[in-house]
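1. Sharing a model that was predicted from the sequence below.
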Amino acid sequence: MEESLEPIPTSSSLKEVAARTEGIANAVFLGPAIVVVLMFAIFPLIVSLYISFSRMRFVQGGVEINFVGFDNYNKLLFGSQKTHLLGVSSEVTPLGWALLGLAAGLLGWGLLHYSRARYFSILGLIGRSLAALILLAGVWMMVQTTLQAPGRPGTLAVTLIYVFAGLTLQYFLGLGLALLLVQKLPGRRFFRVVFLIPMMITPVGVAYMFRMLTDFSKGPFTPIWKAFGLGNASWVSDPWLARLAVIIGDVWQWTPFMFIVLLAGLEGLPTDPVEAAVVDGANRLQLFRYITWPALLPMSTTLILIRMIEAFKIVDLPNVLTNGGPGTATESLTLHSFIAWRTLDLGGSAAVAYLLLLVVTFLGTIYINLVRQRAVEAL
């Protein structure tokens, strides 16, 4: 009687079993994470996108949702909310024409430079040309609404002012503090801790603190303001002073973020190039320009991108410090969306939020492409 022999597994069958086992393991371990991401990230994005094309009303027994297409966006860009979002235009001043010409010249130079690059392509030129036109339209909006009365910037222009003014001040202040504390100064460890305190306070706490500090009639610095004849002055009665108060509060809170990252970058730089440059007779300015600054650029570009994305979401400071006022002078896009939501205009709120998403994505993409272009040219 012949014995039945089991077939010996071949290498291909073993590979199939291993592949099935790996697939099952991936489904078991990655499946819950994927479900969580879909539930808490992608699904809300899809629902809010649908809401931005709808008009919601609370009725007895529930919510009534009516699809209205692009009505919410049309209202913001061309209808009753246009001045709220884009601002009130005025005649362009000579300074405005000069800024517009400068922007057009820089964009034209960038396109010309790209057309001569070795990575040139027709699709790339078309995309960059469209981006340049959009940027030029943004500059046109800014010079029409911000340079002279009766022009009044809308929430989009105010947000851009917050982002670029605040980001510039935060980066250079953080870099200056980092360069100062990397020196062998007495007490530098103490100041490293002190400089981080603003970042540990919540944005609402910072807003209430600056609300007290900028109150000339009842704040803790009232005697000082009165001594300088500012007892009857007010930050929040003038639009630009109110915006300045918001920018100062934002810079005070987020400069430590720039400082700590740049300080870590400076402390991690190799010392050999610096020592060699010192031996060759380089001064401090030359050391910074040719060694320190190029070494910090990769870190700085990522740091600026992260902070720029975060800065577009500013809402606590203008909401608590000025309540968006006077009028809507200090209202950011996020606060605009929040106020629309608070007044139960959920479709309009979602539309503002998606316009903000488009602006951040557009500017972030341009920034990344510029950084990548510089990296390619450096190779």
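-> Thanks, I have it. Numbers count the residues shown, from 1 in each chain.
2. CA atoms for contacts and neighbours, from now on please.
-> OK.
3. give me the low-pLDDT residue ranges for the chain?
-> Regions of the chain meeting the criterion pLDDT under 70 cover residues 1-15, 17-19, 23, 231, 372-379.
4. Name the single longest helix found in it.
-> Looking only at the chain and at elements set by DSSP state H, the helix with the highest residue count is helix 346-378.
5. Tell me the buried residues in it?
-> Within helix 346-378, the residues that qualify as buried are 346-354, 356, 360, 363-364, 366, 371, counting by 16 or more other Cα atoms under 10 Å.
6. on contacts alone, who are the packing partners of that helix?
-> Using 3 or more Cα pairs under 8 Å, 6 or more residues apart in numbering; DSSP states H and E as the contact criterion, the neighbours of helix 346-378 among helices and strands are helix 43-52, strand 54-59, helix 71-77, helix 293-311, helix 333-342.
7. Highest mean neighbour count out of the ones you listed?
-> Comparing the helices and strands packed on helix 346-378 on average neighbours per residue, with mean count of other Cα atoms under 10 Å, the densest one is helix 333-342 at a mean of 21.
8. Give me the contacts around it.
-> By Cα atoms under 8 Å, 6 or more residues apart in numbering, the residues outside helix 333-342 that reach it are 85, 155-156, 159, 312-315, 318-319, 324, 346, 348-350, 352-353, 356.
9. centre of the chain versus it, how much separation?
-> Helix 333-342 has its C-alpha centroid displaced from the chain centroid by 17 Å (Cα atoms, centre = their mean, to the nearest Å).
10. Could you check which helix or strand contains residue 143?
-> According to DSSP states H and E, residue 143 maps onto helix 122-146.
11. Which is the succeeding secondary structure element to that helix?
-> Downstream of helix 122-146, the first helix or strand assigned by DSSP H and E is strand 152-153.
12. Name every strand pairing with that following strand and say which way it goes.
-> strand 87-88 (antiparallel) (DSSP bridges).
13. Whatever helix or strand comes next after the strand it pairs with packs against which elements?
-> Using DSSP H and E, the helix or strand that follows strand 87-88 in sequence is helix 94-115. Contact partners of helix 94-115 among helices and strands, from 3+ Cα pairs under 8 Å, 6+ apart: helix 122-146.
14. Between helix 94-115 and the helix it packs on, find me the angle.
-> Between helix 122-146 and helix 94-115, the angle formed by their directions is 170 degrees, by axes from the mean of the first three to the mean of the last three Cα atoms, to 10 degrees.
15. For helix 122-146, buried residues please.
-> In helix 122-146, the ones that count as buried by 16+ other Cα under 10 Å are 128-129, 131-132, 135-136, 138-146.
16. Could you list the residues in contact with it?
-> Under Cα under 8 Å, 6+ apart, the answer for helix 122-146 is 86-92, 96, 99-100, 103-104, 107, 111, 114-115, 151-154, 157, 366.
17. Check which residues of the helix or strand residue 164 falls within are buried.
-> When elements are assigned from DSSP H and E, residue 164 belongs to helix 155-181. Buried residues in helix 155-181, counting neighbours by 16+ other Cα under 10 Å, are found at 155-163, 166-167, 169-171, 173-175, 177-179, 181.
18. how big is the angle separating that helix from helix 346-378?
-> Using the same axes, to 10 degrees: helix 155-181 against helix 346-378 is 40 degrees.
19. Following the chain past helix 155-181, name the next helix or strand.
-> Per DSSP H and E, the helix or strand that comes after helix 155-181 is helix 188-194.
20. right, and residue 49 touches residue 350 too?
-> Yes: the pair residue 49 and residue 350 qualifies as a contact (Cα atoms under 8 Å) at a distance of 7.0 Å.
21. ok, the residue nearest to residue 301 when sequence neighbours are not counted to residue 238 distance?
-> Sequence neighbours aside, residue 371 is the residue nearest to residue 301 in space, at 7.2 Å (criterion: Cα to Cα, 6 or more residues apart in numbering). Going from residue 371 to residue 238 by Cα to Cα, to the nearest Å gives 38 Å.
22. Next: residue 74.
-> Computed as Cα to Cα, the residue 74 to residue 238 distance reads 31 Å.
23. same question, residue 222
-> 19 Å.
24. Neighbour count: those two, which is higher?
-> Applying other Cα atoms under 10 Å to residue 222 and residue 238 shows that residue 222 carries more neighbours, namely 18 against 14.
25. The more buried one reaches residue 212, doesn't it?
-> No: in terms of Cα under 8 Å, residue 222 does not count as a neighbour of residue 212; the distance is 9.9 Å.
26. number of nearby residues for residue 117?
-> Residue neighbour count, defined by other Cα under 10 Å, stands at 12 for residue 117.
27. Please export the C-alpha coordinates of stretch 165-176 as CSV.
-> What follows is the C-alpha trace of stretch 165-176 in CSV, where atoms were taken according to Å, rounded to 0.1, in the frame of the first residue of the first chain:
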residue,chain,number,x,y,z
ALA,A,165,3.9,91.6,8.0
GLY,A,166,3.8,89.3,11.0
LEU,A,167,5.9,86.6,9.3
THR,A,168,8.6,89.0,8.3
LEU,A,169,8.9,90.5,11.7
GLN,A,170,8.7,87.1,13.4
TYR,A,171,11.5,85.6,11.3
PHE,A,172,14.0,88.4,11.5
LEU,A,173,13.4,89.0,15.3
GLY,A,174,13.7,85.2,15.9
LEU,A,175,16.9,85.1,13.8
GLY,A,176,18.3,88.1,15.7
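28. rewinding a little: now list the buried members of the contacts of helix 122-146.
-> Members of those that pass the buried threshold by neighbour count (16+ other Cα under 10 Å) are listed as 86-90, 92, 96, 99-100, 103-104, 107, 111, 114, 151-154, 157, 366.
29. For residue 213, list the residues it contacts.
-> With contacts taken as Cα under 8 Å, 6+ apart, residue 213 has the following neighbours: 219-221.
30. go again using 10 Å as the cut-off
-> With contact taken as Cα atoms under 10 Å, 6 or more residues apart in numbering, residue 213 is in contact with 207, 219-222, 245.
31. Check residue 367 too.
-> Residues 301, 304-305, 361, 373 are the ones in contact with residue 367 under the rule Cα under 10 Å, 6+ apart.
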